[in-house]
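Novice: generate coordinates for the sequence data below:
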Amino acid sequence: MRKSLVITALVVLSCLAIFSDYTLAQKGPAKDARFEKVSKEFLPQAKKEGALIVYTVWDVEHIRSILAAFSKRYPGINTTYWQGRNPEIVTRVLTEMQGGQASVDVILSDNAPPVLRAAGALAPYETVQKDALVIHDPTIPVVSLQIQALAYNTKKIKGGDLPKTWENVANPKYKGMVALDDPMRAGPLSSMLAALKEAWKDDAKWTNFVKGLKALNVPVHKSTSAMFRLVIAGEYALAMPALLHDVIHEKERKTPIDYVKSAPPVVFPRQAGIYIKAPHPNAGKLFAEWLVSPEGQASMDAVGREAARKDFQSKTSIANAFPKGTKTLPVTDKAFLEDPKKWLDANVKPLWEG
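Specialist: Residues are numbered from 1 along each chain as shown. Sure, this is the predicted structure:
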């Protein structure tokens, strides 16, 4: 009899747990009271404006999905977008600004917003949800992150031989084993160098690191994804660097890929800048705040873009992917963000090409 009661109790508890999980799933992403408040403030004027225009570097299928989710939340605000590369976005916005055109509301990108801010093309806007962000910029809301990880092919290199930190990769023993991003192309490795220079605050250490990478004597690559595929194929043992979402995707596919959890993630901001001559400024601010909100973060996570919030849980969130207490390496050097070519020419080029 007692055994029967115990079994019955366990079944009931199990059902309650399943029901609890189902209920939580039905609720969707958590809410941020600050966003809910500011949303109500912007919404009446945004609906009067009736439109939202976005320029973005993001993939077409990504921006379509994100704008569809925004339109579902705020019907009556018609959304349109134009997609191009970062240099094309910068040129177009500056040309339109010089012509006095009220052409776009939000520039959704990574490299372009800081460059446009330096040129006076953005209206400063600080998100009310700033305390929730991994990286906060007081003038351009950070809505997503590029998270870099030190990835490796598990068949080409084993645990004991792995570098423990980014700095270790410059060790001569890895000569010929590293797929290296081109440090002069303003790509992921370039941003990592900017983050490390700021974090270390030791010019001699940083200089030796750059020289050590050069001494690895490997070809440099101008496509991070193509470079990562070479590591997957086993042509290289290490990727310097890889993007975390690519690594986790390949791990789920049982590809022989993993990443070094003791190497802190380098995080690069992806931002939503408000154009200074925006024809629909309230809709633009509402969109930026919505992107930062848990609901907006979920829409970006759904298309494989990393969240910017510290409290957003996903497969690619830093809290899930790295050990507790891991400190990130944020890319926050204003000089690098606003003119990466100038920064690279001054700091990296003499060491890399000299």
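Novice: nearest residue to residue 97 other than its sequence neighbours?
Specialist: Ranked by CB to CB, 6 or more residues apart in numbering and with sequence neighbours excluded, the top spatial neighbour of residue 97 is residue 121, at 4.9 Å. Backbone N, C-alpha and C define where each C-beta goes, glycine included.
Novice: and if you look at residue 200?
Specialist: What sits nearest to residue 200 in space, not counting adjacent residues and going by CB to CB, 6+ apart, is residue 206, at 5.6 Å.
Novice: surely that neighbour and residue 197 touch.
Specialist: Yes - A contact is recorded between residue 206 and residue 197 when judged using CB atoms under 8 Å, the distance being 4.9 Å.
Novice: which neighbours do these two have in common?
Specialist: Taking CB atoms under 8 Å, 6 or more residues apart in numbering as the criterion, residue 206 and residue 197 do not both touch any residue.
Novice: quick one: the helices in the stretch 51-200 of the chain, in order.
Specialist: Residue ranges of the helices in the stretch 51-200 of the chain, as given by DSSP state H, counting those that start in this stretch, are 60-73, 86-98, 112-118, 188-200.
Novice: the strands in this structure, which residues?
Specialist: In order along the chain, the chain carries the following strands (DSSP state E): 51-56, 78-83, 106-109, 122-123, 142-153, 178-181, 220-221, 238-243, 257-259, 266-275, 306-307, 329-330.
Novice: what lines up beside the fourth one in the sheet?
Specialist: Read it as strand 122-123. Strand pairing for strand 122-123, using DSSP bridges, gives strand 266-275 (antiparallel).
Novice: what's the end-to-end length of stretch 301-316?
Specialist: In stretch 301-316, first residue to last residue: 9 Å (CA to CA, to the nearest Å).
Novice: do you know how far the nearest residue to residue 139 once chain neighbours are set aside is from residue 268?
Specialist: Excluding its sequence neighbours, the residue lying closest to residue 139 (CB to CB, 6+ apart) is residue 124, at 4.0 Å. Computed as CB to CB, to the nearest Å, the residue 124 to residue 268 distance reads 21 Å.
Novice: comparing these two, which residue is more hemmed in?
Specialist: The residue with more neighbours, out of residue 124 and residue 268, is residue 268; 26 against 12, by other CB atoms under 10 Å.
Novice: how deep is the residue nearest to the more buried one when sequence neighbours are not counted tucked in, by neighbour count?
Specialist: Nearest in space to residue 268, with sequence neighbours left out and distances taken as CB to CB, 6+ apart, is residue 146 at 4.1 Å. One way to gauge burial is a neighbour count; for residue 146, by other CB under 10 Å, it gives 21.
Novice: equivalent analysis for residue 311, please.
Specialist: Other residues lying near residue 311 total 14 when counted by other CB under 10 Å.
Novice: any idea of the pLDDT on the closest residue to it other than its chain neighbours?
Specialist: Closest residue to residue 311 in three dimensions, ignoring its sequence neighbours and counting by CB to CB, 6+ apart: residue 132, at 5.8 Å. Per-residue confidence for residue 132 comes out at a pLDDT of 97.
Novice: also the one 4 residues further on?
Specialist: We have a pLDDT of 96 for residue 136.
Novice: make residue 1 into 52 and carry on from there
Specialist: Done: numbering now begins at 52, and the last item shifts to residue 187.
Novice: out of everything not next to it in sequence, what's closest to it?
Specialist: If you skip the residues right next to it in sequence, residue 187 has residue 181 as its closest partner in space, 4.6 Å away by CB to CB, 6+ apart.
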